[in-house]
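Visitor: sequence plus predicted model, see below.
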Amino acid sequence: MHVTYKVWPTAAPHPAFPGVLDWVPLLAVKIDYPAKHSPPSKRFEAVVDSGSQHTLFHSDIGKSIGIRVERGIEASISGVVGGVKSPAFFHDVGLYVGADIIRIRAGFCDKLPVAGILGRLGFFDNFFVTFDQSSDPGNFEIQRIIRT
């Protein structure tokens, strides 16, 4: 699957790179909650982030498909959330990427500043991702890892 980066709104241009737009790798995904046989969420855009250890979603998305977020496995996360650390609650969900549906464990956090982050555990361990920033805007390719 070939995906073009999208413009990410910024408050002000970067002083070292004036006139350069901030492009971000976003992927439209859906999730479901197999424990409750929930219908999938509406499609939303998640940041493809190889720097994130975990795949994370905003708590509101989990709640919208029937997940009692706070009943998940609690762990602290930092970096992407404001402040030093914030609680995330992990649940097993189905992740819809194109025509693929994979079962992953993802965290849900109230303080996540975006709808979702596709990280190393949950996303990159299931898909090969090739980033290409040689064009403007950049783009990326994803391919499902098939395990036998």
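Guide: Received the coordinates, thanks.
Visitor: so what does the lowest-mean-pLDDT helix or strand in the chain touch, helix or strand wise?
Guide: Every helix and strand in the chain was compared by mean pLDDT, DSSP states H and E; the lowest is strand 6-7, with a mean of 81. With contacts taken as 3 or more Cβ pairs under 8 Å, 6 or more residues apart in numbering; DSSP states H and E, strand 6-7 sits against strand 23-24. Quick note: C-beta positions are derived from backbone N, CA and C, even for glycine.
Visitor: show me what the strand it packs on is packed against.
Guide: Using 3+ Cβ pairs under 8 Å, 6+ apart: strand 23-24 touches strand 6-7.
Visitor: which residues sit against the strand it packs on?
Guide: 21-24, 26, 45, 137 (Cβ atoms under 8 Å, 6 or more residues apart in numbering).
Visitor: rerun that using 7 Å as the cut-off
Guide: With Cβ atoms under 7 Å, 6 or more residues apart in numbering as the test, strand 6-7 has contacts from 21, 23-24, 26.
Visitor: partner strands of it and their direction?
Guide: strand 23-24 (antiparallel) (DSSP bridges).
Visitor: state the mean pLDDT of the partner strand.
Guide: Strand 23-24 shows a mean pLDDT of 84.
Visitor: and stretch 73-85, by the same measure?
Guide: pLDDT averaged over stretch 73-85 gives 77.
Visitor: tell me who's in contact with Asp132.
Guide: Contacts of Asp132 (Cβ under 7 Å, 6+ apart): 138-140.
Visitor: what pairs with it across the strands?
Guide: Under the criterion used here (DSSP bridges), Asp132 is bridged to Asn139.
Visitor: sorry, back to before: among the contacts of strand 6-7, which ones are buried?
Guide: Among these, the ones that count as buried by 16 or more other Cβ atoms under 10 Å are 23-24, 26.
Visitor: name the SS class of Arg60, please.
Guide: For the record, residue 60 is Asp, not Arg. Here Asp60 is recorded as helix under DSSP: H, G, I helix; E, B strand; the rest coil.
Visitor: again, but for the one 3 residues further on
Guide: Secondary structure of Lys63, reduced to three states by three-state DSSP: helix.
Visitor: roughly how far does it sit from Val3?
Guide: According to Cβ to Cβ, to the nearest Å, Lys63 stands 27 Å off from Val3.
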